[in-house]
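In: give the three-dimensional model of this entry:
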Amino acid sequence: MRDDHGLGSVPGRPHLGGTSSRIVPLGPTCFLELLGIKDTTKDDGAWLEATLQGEDRVLWWCLGVTDLDDAALRRGLPIRVGQVKDPDDRDELTFRSAGMPRFPLPFFIELIGDPADRARVQAERYAAAGHACAPTGFTFVEVGDHEAVLEGWLGPGHGLPVRYSPGTGPGIHACGIATADGEIVIR
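Out: Got it, this is the predicted structure:
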């Protein structure tokens, strides 16, 4: 990511299900998570290996919400609670999510805890990443087939910068990132 786009990254929090991650902080409230396969004997690692089939690519997206109960209720989804810690145990993150089993549709997440602490951690990560291009957030996500299904899933007036590319199959295929040097497109 740094060589191709000038985007730095920081280590992500450990995952228990067989994946690893690096975080590319893009601004105060968004990031790109780079997932890696760590242990295919665990469910998430095996799923990621089977889903990627040896091809690095944009895979999935997550939407942060402030009222997960409402988002889940409108879609008939159960809510799950999760927790991760930094390797040095100085920062713990508790979150609630809904919709992960509905891949390739985006899932929803709500972070638990003090918003000021979350903002501090995100600012520290952004500074530590050492970007060469000053990213400021996503400009679009490009998805394939099933526009009607996705629009129903996101809800009326969602306001997200979604682009459709019919005939390319379901799921996300690309995303755009705004930077001081112009837009970066990742496929």
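In: give me the below-cutoff pLDDT ranges for this structure.
Out: For the chain, applying pLDDT under 70 flags the ranges 85-91.
In: for the helix ranked longest in it, list every residue counted as buried.
Out: Using DSSP state H, we find that the single longest helix of the chain is helix 115-129. The neighbour-count check on helix 115-129 (16 or more other C-beta atoms under 10 Å) flags 118, 121-122, 125-126, 129 as buried. Every residue, glycine included, has its C-beta placed from N, CA and C.
In: C-terminal to that helix, what's the next element?
Out: strand 135-143 (DSSP states H and E).
In: list of residues touching that next one?
Out: Applying C-beta atoms under 8 Å, 6 or more residues apart in numbering, the external contacts of strand 135-143 come out as 7, 24-27, 29-30, 61, 150, 160-165, 170-180, 183-184.
In: residues making contact with stretch 42-56?
Out: Residues from elsewhere that reach stretch 42-56 (C-beta under 8 Å, 6+ apart): 15-19, 35, 37-40, 59, 103.
In: I'd guessed residue 60 sits against residue 175; true?
Out: No - using C-beta atoms under 8 Å, residue 60 is not in contact with residue 175, being 10.7 Å away.
In: got a list of what the closest residue to residue 61 other than its chain neighbours touches?
Out: Once flanking residues are discounted, residue 61 sits nearest to residue 106: 4.4 Å by C-beta to C-beta, 6 or more residues apart in numbering. Taking C-beta under 8 Å, 6+ apart, we find residue 106 in contact with 60-63, 99, 153-154, 172.
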